[in-house]
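Student: Provided below are the primary sequence and the corresponding predicted coordinates.
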Amino acid sequence: QVQLGESGGGLVQTGGSLRLSCAASGRSFSSYYMGWFRRAPGKEREFVARINSSGGSTYVADSVKGRFTISRDNAKNTLYLQMNSLKPDDTAVYYCAAGNLQGPTGWARDYNYWGQGTQVTVSS
């Protein structure tokens with residue numbers, strides 16, 4: 001089992017940057033693939049980015065491609081999401097998730113564990 005806790009959210013102006021972190025506790029963080037999802041007010045949860053267990057393979061959604069980067073440091077049991085060129089449409093609660101089921105995907109059902117989320121607000 002793994003417990004996840006996000007940090008790094010906040011209020012930023014359009015065009016600004018934030019780096020989210022997701023600290024994992026428990027065993028075998030390096031055996032889990034990881035993902036970032038977000039939920040904007042009044043909208044369904046949306047896949048943002050995913051990374052395999054070693055960190056050698058990543059994928060980001062088209063909506064954030066070229067602006068967001070996912071990475072991980074298995075020695076520190078931490079997942080990151082670097083967000084640049086932020087837009088008001090990026091405003092949402094961001095969640096990190098860990099999975100050891102089907103492999104890294106963009107589907108929430110393939111992730112076993114979830115953090116509580118961190119709010120990101122981008123002002124225009």
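Tutor: Looks like it came in fine.

Student: tell me, how many residues neighbour Ser54?
Tutor: Other residues near Ser54 come to 11 when the count uses other CB atoms under 10 Å. Quick note: C-beta positions are derived from backbone N, CA and C, even for glycine.

Student: separation between it and Ala40?
Tutor: To Ala40, Ser54 is 31 Å away according to CB to CB, to the nearest Å.

Student: which non-adjacent residue is nearest Gln119?
Tutor: The shortest distance from Gln119 to any non-neighbouring residue, by CB to CB, 6 or more residues apart in numbering, is to Gly9 (4.9 Å).

Student: how close does the one you found get to Leu20?
Tutor: In terms of CB to CB, Gly9 sits 6 Å off from Leu20.

Student: which residues do the two both contact?
Tutor: Taking CB atoms under 8 Å, 6 or more residues apart in numbering as the criterion, Gly9 and Leu20 both touch Tyr94, Thr118, Val120.

Student: which of the residues you listed fall in strands?
Tutor: Judged by DSSP state E, strands contain the following of the shared contacts of Gly9 and Leu20: Tyr94, Thr118, Val120.

Student: okay, now the residue nearest to the second one when sequence neighbours are not counted: neighbour count?
Tutor: This points to Thr118. Among residues not flanking Thr118 along the chain, Gly9 sits closest, at 3.4 Å (CB to CB, 6+ apart). Neighbour count for Gly9, taken as other CB under 10 Å: 18.

Student: against Val120, how distant is Gly9?
Tutor: Distance from Gly9 to Val120, by CB to CB: 5 Å.
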